[in-house]
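In: fold the following.
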Amino acid sequence: MSDENTRTQPPDNGGTGTFSAPEGTGTFSGRAEEPTPNSRPTVPGYEILEPVGSGGMGCVFRARQLTTNRIVAVKLILAGEFAGAAARDRFRSEIETTAKLSHPHIVALYEAGAADGRAFLSCEFVPGGSLAARLDGTPWEAKRAARLLVPLAQAVAHAHAAKIVHRDLKPANILLAADGTPKVADFGIAKQLGSESHTYTGAILGTPSYMPPEQAGGAKAVGAPADVYALGAILYELLTGRPPFKGADFLATIDLVRTQDPVAPHVLQPKLPRDIETICLKCLQKDPAKRYPTADALAADLGRFLEGRPIVARPVGSVERGWRWTKRNPAVASLTGAVLLVLAIGTGVASFFAVRAEDRARDATDSAKTAAAREADANRERQRADDERDNLRAQREKTDALLYAAQIYQAHAAALEDRTTRLNQLLDDTRPQPGRPDRRGWEWHYLRRLTHSWDSEGKLDLTAPGFATFDPKRESLEWMFSADGTRALVLSYGGVPGRLGRPITRAGLFDTATGRRIREVPELKTSSDAFQYTNFGTDLRYVARAEAHQQEPGVPPGGAGKARYRVRMVNLDTGAVETPFPDLDVQPQVWVAPGGNRVVISPAGPAKGPRIEVWERGRSEPARAILGPSPGDTTAIVGWISPDTTIAVVVYTETLAKGKSDGPAGNRLELWDIAGKPVRRGPSHAWTSDQFPACCFSPGGQMVVMRDGPRTHGIYDTRTGLRVGRWEPRNPTSLGWWGHRVSDDGRRIATADPNGLVVADRIGDVLPGGFPPARMSTHPDDVGVWRSAVLRKPSDSNSYQLFPAFVLTPDGRRLTAGAGDGTYRTWDLGQSTDWATSWPERLRLRDEIGAAYPTARGRWVLYFSPFGRNDPLARSAPFGVYDALRRETVRTFEVAATEHASGTISPDGKRVLLWLRDRLPPAPAPPHEGSSVRWSVRAVDEPLRELVGGSESSAAFSDDGRWVIESRLRGPDSVRDPPSQTVRVYRAADGHLAREVRLDAHDAALARTWVTPAGALVISTHPEIHPPPDKKPEPVPLTLRFHDIETGAVRGAWSPPAPYPVRDRNTDAAPSPNYAADLPLPFFSADGRKMGLSLVAEDGSVRAWVLDAATGMPEAEFSAPPSARDRPVGAPPRPIWGVSRGAFGPGGRLAVWAGGDLVTWTGPGAAPVRLTGHDLGTSVAFSADGRRAFTLDTTDPGSGGGQQTLRVWELPGGRELITLRIPDERTGASAGGSVSRDVWLEGERLHVMTPTGVRVFDGTPLRK
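Out: Next up is the predicted model:
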């Protein structure tokens, strides 16, 4: 892009009036009359890398666009004294002009804007430099020059079609790509035909050596022929090594342009073809009407010259040359004419008719050629129109795809912030327009499931006539619902924040079915000058209140003395108040059973042992009185009573010894059966804290929920005291005093959350029973499959008071929640399961301190416990097999071992491969000390019987699970028994040895063996690696031989075209290197007929091969160049040399991991697409239609853990749609170790393997 301004006097740079950037910078030309700012500016969205040029109107920088991570050129207008109004207008004109153009041979404009008060534009960065930098005065070969000019003429024609005239075409404004492709740049003084110019009449714009006479004369009406002339001047310089006119200075050059004809090119280059000279001189005609009418016509004639066909242009005749000479030399011409007049008249008359006949014949021939040329031009125009229409359609598709990606990104952000209204709006905006493709995919349906709302709603009449008004905006209101959700009680605390113990100013009882007030409850008013403790029955029929009512006898009111306490019963339906129990001499807590016939009373403060009295109405003494022990330095207090008053939660607090700080050292909770004979039932749960955790009973009292970990709820069966479930909410702050409800079966739990209500459903059991808990670091009930949903609040407000009260029915099928504005919502949770799929299902296989290491093979998960974590003397290892589709454990078993146990499972879930290590008994000689390693294949339904096993070797399942491959390296026993390598293949179903192959280690090193799903045993070998000392080993070639498993016959052999790298497998502390080749990692198509291998070269390029899985016959090859991501221009690629794993996708798609990139191809010969941004890509899955790719990425691989990131990509464009982050949930001792990570689809349910289990993200469309 040129920065030429209006010129009214010659410049100081030799008459060219331009400034060119150094060779290779790929920058744009500009005037060097003004100083260039040295400091790097700041442009939002760009990283400024380096300045590459400056001019009178602006500065050009090489930069990186942050949103696309591509290298661009950023041009900024000069600020302060370096820019005036005219420069700003011209800069704006350049932006508007370039934005209208889209052509492969015109530098593309990406963005325009303003930064720090300075206008800027970003455009395509062309790294090859300018054509001016390539010209050194050496003439080009004619066809080379013509080939360069054809695309330039086509680009200029495209601009003319948009009614834009460049007016400053010259070599400095022709930029060259890395492959030499020319591009037109710098529309700084371009003119929009039919619009006002930024110059005044008489001003001379452009570069004199390349401007036409009319432009050199200062004419304002300069049109498309001016650009044709400039193209001819460029062609002239290419052919001759010099421009057509170049004077001593600016004005001399202008004079030559206006008055002289250029020297014929063949004079300077005698061997120049005549046709190319004719084309060049036709462009340089003084009269614009005699030049090519359009730039397309020039391109067409150049094309004819390149194809060896006749051109349309005709050379200038001798008569016309003479006439031009006469106009330039009138005096000499007059004298010469007088002398020759007589001869001219004589010969002229004689030859007139002959010349006329010859001209007519020539004209006829030319007309025929012109007609043929015009027909060819018309065909090309039609083809160009079709191409432009296709380009427009492709551009529209690209724009729609970018818009959809942006909307999905914003929708996901709204979902993370729980802005439901915004989320719905964005998803609705992505619905396809008529006649446009539907771009919605898995991610859209996943996000749509986050918007499910309530099934019904109602409103309490808080301002009914004849009753006291409740004002939610001015009063602090507390809600509570009856257990069945049919009644609501609203308490007002006036302007004081509502909590128990503060004065209640008024109360109202409401019917939720109609919203009407049943009655005022003035009996609930309280004062703040005396002790009061109130408990509401879960049916909201009776209220029990303990209060201080008088002093000891003989003590005046307000005097010193011991207080007396009484328990009053209030009937909420009638307002009747009773005092059915005798006075108490200690501050009591009180709980009332539904119906009001039974009350439980216990001291409000801690005591040496739990004291509980169960009173029944109509009796003058307790029905049951319980006084429990309190061992050691502990005190006890009754924390909670079940709604049916049959179970008590007793909190034991251990006090600190004297001399230490005050306060409790820890708490322990126990469940007491107080309905009949007092019985202590677990959980005996220790809780080290200065406050004991909150508890909540189910409506029927069968279950109790308590916080039993830093992030978890424990669900306990009150009848057995055992924990039957454990759930971790997404927001640990929801583990408050009154923030959870649980159903009577313990399989559904609701929790208050700052963003709404979270409801979790236990949909699967990992350990149904029979699994030995003593061998597990986790309790048998610590694990399970939960799926959660956020039941949305009525608006996007973040107020925690939106749902101050809620109730879950005993069967867990109905949830009712009240909002602070008097409205209440109801969810019918039993109607369908769709309500509970908006947040990922979680299969938890380990807790905070345990470590169950799962390995996934499709839908099956084998999990087990690390050895010795809980029982150093263990002699067996526990295992479990979980079915992710059925969401339950299908088998648990133990296997004898004494030191280590691990394993994997076959893809069909029928067999397991176990690795077991046993400690050897001590022996006098050190070589006999240590451990023995063995492997074993067993059927899942009969895990105690070994199908096949071995020791001191490695074994693995084949990808289809039908075979077990054992590899063993055997050392030399004698000189006659050299080291050997043996490969054995067993049939997994019965352990039958199908094939054994033995290799002599002196001939080749065994690299890797595997069995393909097509039934071929593949053995890969490479030469022995023994490099000289202090020399890096060279890559080694691999040979793959395909054997028939049953017969042993060789089906085929194949060697990768590229050698595989060699690495030292020893650590830095090893005394000597242990060199081995990187081993190929095969992957197979879904039908098992194709096998893929890949290699990332040292320069970062990627190669992949597809072979026949039965014979090794190569079928296709894929390649991708090195990634330029995060690499400056000229710097070598990132070294990521080595093998990588890949995957086949639907429709012939192939994907290969290359460092942090996933390289994908839609098929053989297709351009590669890189999905970038991963730290350590581990797995990939494709949707059934191939339009989506799901990649699993893991950070911090060194520790074996780290955060996992699931990304959803749009294909084939390679745009990232949403990112789902899965944090590492392990803490403490469980944070180490490794785990097999994978991602797979079951329908539209996306399963992700995590260090602690399995997460399921559901993208199944909701039922209408």
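In: ok, the helix or strand where Glu1117 lies: who's next to it in the sheet?
Out: Here Glu1117, judged by DSSP states H and E, is contained in strand 1114-1120. When pairs are called by DSSP bridges, strand 1114-1120 turns out to pair with strand 1102-1108 (antiparallel).
In: I'd say Pro243 and Ala230 touch.
Out: No - Pro243 lies out of contact with Ala230 (CB atoms under 8 Å); the separation is 10.6 Å. Yep, even glycine has a C-beta here, placed from its N, CA and C like the rest.
In: between those two, which is the more surrounded one?
Out: Ala230 (27 against 20; other CB atoms under 10 Å).
In: the residue nearest to the more buried one when sequence neighbours are not counted: neighbour count?
Out: Spatial nearest neighbour of Ala230, chain neighbours left out: Leu169 (3.6 Å); criterion: CB to CB, 6 or more residues apart in numbering. Using other CB under 10 Å, Leu169 has 27 other residues around it.
In: pLDDT score for Leu169?
Out: pLDDT, Leu169: 94.
In: check contacts around it.
Out: Neighbour list for Leu169: 152, 156, 184, 210, 227, 230-231, 234 [criterion: CB atoms under 8 Å, 6 or more residues apart in numbering].
In: repeat that for Arg1141.
Out: Residues in contact with Arg1141, defined by CB under 8 Å, 6+ apart, are 1081, 1083, 1094, 1152-1153.
In: now it: how far from Gln532?
Out: The gap separating Arg1141 from Gln532 is 69 Å, by CB to CB, to the nearest Å.
In: and what of Arg707?
Out: Using CB to CB, Arg707 is found at 27 Å from Gln532.
In: quick one: which of these two has more around it?
Out: The neighbour comparison of Arg707 against Gln532 (other CB under 10 Å) goes to Arg707, with 23 against 19.
In: so what pairs up with that one in the strands?
Out: His713.
In: His713 is in contact with that one, correct?
Out: Yes - the pair Arg707 and His713 passes the contact test of CB under 8 Å, sitting 6.3 Å apart.
In: where does Pro104 land in three-state SS?
Out: coil (DSSP: H, G, I helix; E, B strand; the rest coil).
In: wait, isn't Trp827 in contact with Thr809?
Out: No - in this structure, Trp827 is not within contact of Thr809 by CB under 8 Å, at 10.7 Å.
In: between these two, who's got more neighbours?
Out: Ranked by neighbour count (other CB under 10 Å), Trp827 and Thr809 place Trp827 first, with 24 against 19.
In: what's the span of stretch 417-433, first residue to last?
Out: 28 Å (CA to CA, to the nearest Å).
In: quick check: mean pLDDT across that stretch?
Out: Here stretch 417-433 scores 84 as its mean pLDDT.
In: what comes up buried for it?
Out: 418-420, 422-424, 426-427, 430 (16 or more other CB atoms under 10 Å).
In: so which residues of the stretch 151-300 of the chain form strands?
Out: For the stretch 151-300 of the chain, the strands defined by DSSP state E, counting those that start in this stretch occupy 164-165, 174-176, 182-184, 191-192.
In: out of those, which comes closest to Ile518?
Out: Among the strands of the stretch 151-300 of the chain, strand 191-192 comes nearest to Ile518, with 78.4 Å by CB to CB.
In: which residues touch that closest one?
Out: Counting by CB under 8 Å, 6+ apart, 93, 97, 163-165, 167, 197, 222 sit against strand 191-192.
In: partners of that strand, with directions?
Out: strand 164-165 (antiparallel).
In: quick check, nearest of the contacts of Arg1141 to Ser130?
Out: Set against Ser130, the nearest of the contacts of Arg1141 by CB to CB is Val1152 (38.6 Å).
In: dig out what the closest one forms beta bridges with.
Out: Beta-bridge pairing of Val1152 under DSSP bridges involves Gly1142, Val1159.
In: got the contact list for it?
Out: 1092, 1094, 1102, 1104, 1118, 1140-1142, 1158-1160.
In: if you set the cut-off to 6 Å instead, what comes out?
Out: Counting by CB atoms under 6 Å, 6 or more residues apart in numbering, Val1152 touches 1094, 1102, 1104, 1140, 1142, 1159.
In: from those residues, which single one is nearest Ala112?
Out: Val1159 (33.3 Å).
In: am I right that the closest one is in contact with Ala1120?
Out: Yes - assessed by CB atoms under 6 Å, Val1159 is found in contact with Ala1120 at 4.8 Å.
In: overlap of the contact sets of the two?
Out: Residues touching both Val1159 and Ala1120 (CB under 6 Å, 6+ apart): 1102, 1168.
In: who has more neighbours, the two?
Out: A direct count of neighbours by other CB under 10 Å for Val1159 and Ala1120 places Val1159 higher, at 28 against 21.
In: distance of the more buried one relative to Glu1216?
Out: The gap separating Val1159 from Glu1216 is 15 Å, by CB to CB.
In: could you do Ile674 as well?
Out: Going from Ile674 to Glu1216 by CB to CB gives 59 Å.
In: again with Ala623
Out: 67 Å.
In: and the two? Which one has more around it.
Out: Glu1216 (17 against 11).
In: closest one of the buried residues of stretch 417-433 to Asp744?
Out: Nearest to Asp744 among the buried residues of stretch 417-433, with distances taken as CB to CB, is Asp418, at 29.5 Å.
In: which one of the strands of the stretch 151-300 of the chain lies closest to Arg360?
Out: For the strands of the stretch 151-300 of the chain, proximity to Arg360 was assessed by CB to CB; strand 164-165 is nearest, at 37.5 Å.
In: just the helices in the protein please.
Out: Secondary structure of the chain, counting by DSSP state H: helices at 85-99, 131-134, 142-161, 213-216, 224-240, 250-259, 265-268, 274-283, 295-307, 318-328, 330-416, 420-429, 442-448.
In: how much space separates the nearest residue to Leu423 once chain neighbours are set aside from Asp429?
Out: Nearest non-adjacent residue to Leu423, counting by CB to CB, 6+ apart: Ala414, 4.2 Å away. Separation of Ala414 from Asp429 (CB to CB) stands at 12 Å.
In: count the neighbours of the nearest residue to Leu235 once chain neighbours are set aside for me.
Out: What sits nearest to Leu235 in space, not counting adjacent residues and going by CB to CB, 6+ apart, is Cys280, at 4.9 Å. By the measure other CB under 10 Å, the count of residues near Cys280 is 30.
In: please apply the same query to Pro104.
Out: With other CB under 10 Å as criterion, Pro104 counts 13.
In: then Gly117?
Out: Neighbour number of Gly117 under other CB under 10 Å is 8.
In: likewise for Tyr210?
Out: When neighbours are counted by other CB under 10 Å, Tyr210 registers 28.
In: tell me the pLDDT of it.
Out: Tyr210 is given a pLDDT of 93.
In: any idea which of the helices of the chain is most buried?
Out: helix 224-240 (a mean of 26; mean count of other CB atoms under 10 Å).
In: give me the residues contacting that helix.
Out: With contacts defined as CB under 6 Å, 6+ apart, helix 224-240 is touched by 139-140, 145, 149, 153, 156, 160, 165-166, 169, 210, 212, 215, 243-244, 265, 268-269, 280, 283-284, 288, 291-292, 295, 298.
In: for stretch 900-915, buried residues please.
Out: Neighbour count says stretch 900-915 has 900-907, 909, 911-915 buried, by 16+ other CB under 10 Å.
In: and of the residues you listed, the nearest to Gly206?
Out: Pro907 (71.8 Å).
In: where does the closest one fall, phi/psi-wise?
Out: phi -60, psi -30 (degrees, to the nearest 10).
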